[in-house]
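Novice: For reference, the sequence and a predicted model appear below.
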Amino acid sequence: MFADLLTPTAHGLFGQIDAWVFLLVAASAVLAGAAVQSMVGLGLGLVAAPVISFLDPTLMPGALLITVIILPVLTLIQEWRHVDWRGMAWGLPARVPGTVLGVWVVAVLDPSALAAVVGVMVLVAVALSVWSLRVRITPVSLVAAGALSGFSGTATSVGGPPMALLYQHEPPERVRATLAAFFLFGGAISLFSLGIGGQLDSRTVAAGVAAIPFVGLGFLLGNRARRWVEPARMRVVLLCVVTVSAIGLLAQAALG
């Protein structure tokens, strides 16, 4: 049924892609990203955005935003008591102007150019993730991170790193819960804005909904792996993979 939703082929940067190949590769990326995010607080967008942009950039960012918004719900069911609601009160409203700018970017860029934007944002996200600078959590830094997250999350579905940079030195459960709350409410704002802007068609929605079961499976796997896989080592592997993917996206965009 999912293959029918995509039409006989998906139109990726490499030309015609069989819909079942798309399903297998995209589902694997969503599952892996969800597992990593359930362990360290972010990762689903970082892993899946470059892959889906490779396969079919016309589905970005809407399909992945629909998929990404489910995982925070599962995380908050477990860890809602650890949310930094004060930080949310500053950071979340600041997401709105960034979201408006992100909707404009999606409206004016063609799919291949948007794929290049995804590549750039992923590389920026990787740089922020490995940056050792400690940024204090203040109202000013929360507003700045919220606005940046709104823009990058709406335009590319990779909106976690600005907030993750602020909270990287907090206890793991506080990081996961606060990022989950921010992703949930922020993602809802982004989806609503894209819908108002006309960037969500039925095919995009269907693709996003079809990936939701893989988010749930990845969440369960991540919960189990959290007990015996060192998150720091997992993040190193993750960042290496997504860096290669992002560079590939930029190369494809440059070559036309």
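Specialist: Perfect, thanks for sending it.

Novice: Point out where the stretch 1-150 of the chain drops to low pLDDT.
Specialist: Along the stretch 1-150 of the chain, the model assigns pLDDT under 70 to residues 1-19, 129, 131-133.

Novice: which residues touch the spatially most central residue of the chain?
Specialist: With distances taken as CA atoms, centre = their mean, the residue of the chain nearest its centroid is Gly45 (2.3 Å). Counting by CB atoms under 8 Å, 6 or more residues apart in numbering, Gly45 touches Gly33, Leu64, Val68, Gly153, Thr156, Ser157, Val158, Gly159, Gly160. C-betas here are computed from N, CA, C, even on glycine.

Novice: I'd like to know how far the second one sits from Leu76.
Specialist: The one in question is Leu64. 20 Å (CB to CB, to the nearest Å).

Novice: With the last one instead?
Specialist: In this structure, Gly160 and Leu76 are 15 Å apart, going by CB to CB.

Novice: okay, those two: which has more neighbours?
Specialist: Between Gly160 and Leu76, counting by other CB atoms under 10 Å, Gly160 is the more crowded of the two (26 against 18).

Novice: pretty sure that one is touching Gly187, no?
Specialist: No. Judged on CB atoms under 8 Å, Gly160 makes no contact with Gly187 at a distance of 10.4 Å.

Novice: Spit out the residues that contact the two alike.
Specialist: Residues touching both Gly160 and Gly187 by CB under 8 Å, 6+ apart: Gly153.

Novice: for whatever helix or strand Met39 lives in, packing partners?
Specialist: Assessed by DSSP states H and E, Met39 sits inside helix 19-40. Applying 3 or more CB pairs under 8 Å, 6 or more residues apart in numbering; DSSP states H and E, one finds that helix 19-40 makes contact with helix 2-6, strand 9-12, helix 44-55, helix 70-79, helix 172-196, helix 212-225, helix 231-255.

Novice: Understood, closing this out.
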